[in-house]
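Novice: Dropping a prediction and its sequence here:
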Amino acid sequence: MSGTDPCEAEWLAGPEAASWLEEVGGAPPTPRLVAKLRGALPPSRVALLLEIAEARSRSRAKFARGERLLLTRRGLEQATDQWIAAYKAARFAKFGPVLDIGCGVGGDLMALARRAGVPPLAIERDQTLAVFAAHNVLVSGGVAELRTRSADRADVAACDAWHADPDRRLAGRRTVQLSQSQPALEELETWIKARGDFALKLAPAAETPEAWEAEAELEWISRGGECRQLVVWGGRLAQTPGQRRATCVPSQSLPDVSAVGTTSGGLVPTFVGNPRVPLEQVKRVAEWVYEPDPAILAAGLTGALAAKHGLAAFAQVAYLTGPARVADPLLSAFRVLEILPLQRSRLAQWLKQRDVGRLEIKCRGVPIDPAALRKELKPRGDAALTLLIAPGQGQASRRQGKPLVIAAERVAS
């Protein structure tokens, strides 16, 4: 939909299109409704309405009120969800005018626009996305000034701080190299020299310059069991310059997104550490096994978090183990019940004896498809259990020559 005629984009943000979109709703359109649309509107507008309706139906994981927004497929994929956006916007609370460069459909902009104080300024080179972002800010209750222009015309010196989301799909494929993004690394460095208070939204696997590692704060943010983005915080926006941070933003509404801590109770779980802390390895699995949050893994902070809690890794994978219960929202905890070799008939019988029907299967470092294994095991019953499967070493699996299967009970943090 990018590159849509500007008049059509404006029409989509108007009352006539809104009426049609309300009629289409969030369910797949019926043949009768499609026929009605085609009888009343040009084919191009029918296609635009159906694409927006489809994007809205898929937006619920990112936006609680996605049915009110104007979205494209790609715009939705690239947008920051409302919970992470609110968490990020809290850092800008004490700043004056903020410039959002390449705002897309407005994922971050909507949160920035709801701050108290001076409304943010946003620029977007795609006129369709600019129209959609302006609409989305309005319906979400915010205020922002939006201009259609390319990023190379961004005047970061005229603002108090800036946020940018470089385009990482210029050639149709995602890239983690800033030299291939738009704007590219050279231009980003120019902006940083002009205004050093900034936030850069990058892919979790993005390759960052050494200078940023030393001078800025790098924060990996997860939500819903997936690391969503890496944010480079610079200048006054960096709370811990030269450090790495891993943060898990809760999927539900946040009582106070400005509250950040390492414990539960309404705070956003976060951990600051050194990626060079070595990860101790052991051969035996202890009474408890822990799986680090995806943000911890992406940030390379597994060693630092393990050292904090006296844990060690086993089987050369990202499972940690220890003799005692550790309460940390950045660690999923599993109480070990039994350790078994990967013998499917024996596993199936073991599960049947324990009436296990709600079976979670997690695999690391082994070429096993959890869905296929579940079909083979055929779990039936009311009990819940987790199977953690990893490369075997040091226990029963060494004798059998098979992967290690840890039957465990998931314990809430």
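Specialist: Looks like it arrived, so ask away. Nothing here was measured: the structure is a model prediction, and the numbers come from that model.
Novice: Please count neighbours and contacts with C-alpha atoms only from this point.
Specialist: Will do.
Novice: so for the lengthiest helix in the chain, what's the average pLDDT?
Specialist: In the chain, assigned by DSSP state H, the helix with the most residues is helix 43-57. When pLDDT is averaged over helix 43-57, the result is 93.
Novice: same question, stretch 224-241
Specialist: pLDDT averaged over stretch 224-241 equals 97, rounded to a whole number.
Novice: One more: stretch 100-117?
Specialist: pLDDT averaged over stretch 100-117 gives 93.
Novice: That stretch: which residues count as buried?
Specialist: Buried positions in stretch 100-117, judged by neighbour count with 16 or more other C-alpha atoms under 10 Å: 100-115.
Novice: Taking the centroid of this structure, which residue is nearest it?
Specialist: Taking C-alpha atoms, centre = their mean, the centroid of the chain lies closest to residue 228, which sits 2.0 Å from it.
Novice: That one belongs to a helix?
Specialist: No: with DSSP: H, G, I helix; E, B strand; the rest coil as the criterion, residue 228 is located in strand rather than a helix.
Novice: Quick check: closest non-adjacent residue to it.
Specialist: Taking C-alpha to C-alpha, 6 or more residues apart in numbering as the measure, residue 228 lies nearest to residue 222, with 5.2 Å between them; neighbours along the chain are not counted.
Novice: Residue 358 now?
Specialist: The shortest distance from residue 358 to any residue other than its chain neighbours is 4.6 Å, reached at residue 384 (C-alpha to C-alpha, 6+ apart).
Novice: and that neighbour, which of the three is it?
Specialist: Going by three-state DSSP: residue 384 is strand.
Novice: And it, how close does it get to residue 364?
Specialist: Look at residue 384 and residue 364: by C-alpha to C-alpha, to the nearest Å, they are 20 Å apart.
Novice: what's across from the spatially closest residue to residue 243 that is not a sequence neighbour in the sheet?
Specialist: In space, not counting the residues next to it along the chain, residue 243 is nearest to residue 217; the distance is 5.4 Å by C-alpha to C-alpha, 6+ apart. When bridges are called by DSSP bridges, residue 217 pairs up with residue 233.
Novice: how about the strands of the stretch 101-250 of the chain, start to end?
Specialist: Taking DSSP state E, counting those that start in this stretch as the criterion, the stretch 101-250 of the chain contains strands spanning 121-124, 145-148, 161-164, 198-202, 217-223, 226-234, 244-248.
Novice: Give me the residues contacting the third one.
Specialist: Contacts with strand 161-164, where a contact means C-alpha atoms under 8 Å, 6 or more residues apart in numbering, come from 92, 95-103, 156, 195-201.
Novice: Can you tell me which of those are classed as buried?
Specialist: By the neighbour-count criterion of 16+ other C-alpha under 10 Å, the contacts of strand 161-164 include these buried positions: 92, 95, 97-103, 156, 195-201.
Novice: how close does residue 27 sit to residue 52?
Specialist: With distances taken as C-alpha to C-alpha, residue 27 is found 12 Å from residue 52.
Novice: nope, residue 5 is what I meant
Specialist: 15 Å.
Novice: residues near the closest residue to residue 278 other than its chain neighbours, how many?
Specialist: Leaving aside its chain neighbours, residue 278 sits nearest to residue 303 (5.3 Å; criterion: C-alpha to C-alpha, 6+ apart). Residue crowding around residue 303 was assessed by other C-alpha atoms under 10 Å; the count is 23.
Novice: Is residue 303 in a helix, a strand, or coil?
Specialist: Using three-state DSSP as the criterion, the local structure at residue 303 reads helix.
Novice: Hmm, it is touching residue 281, no?
Specialist: No: the pair residue 303 and residue 281 does not pass the contact test of C-alpha atoms under 8 Å, sitting 10.1 Å apart.
Novice: could the strands of the stretch 101-250 of the chain go into CSV alongside distance to residue 60?
Specialist: As requested, those are arranged in CSV below (distance: least, C-alpha to C-alpha, whole Å):
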stretch, distance to residue 60
strand 121-124, 24
strand 145-148, 25
strand 161-164, 24
strand 198-202, 22
strand 217-223, 14
strand 226-234, 16
strand 244-248, 19
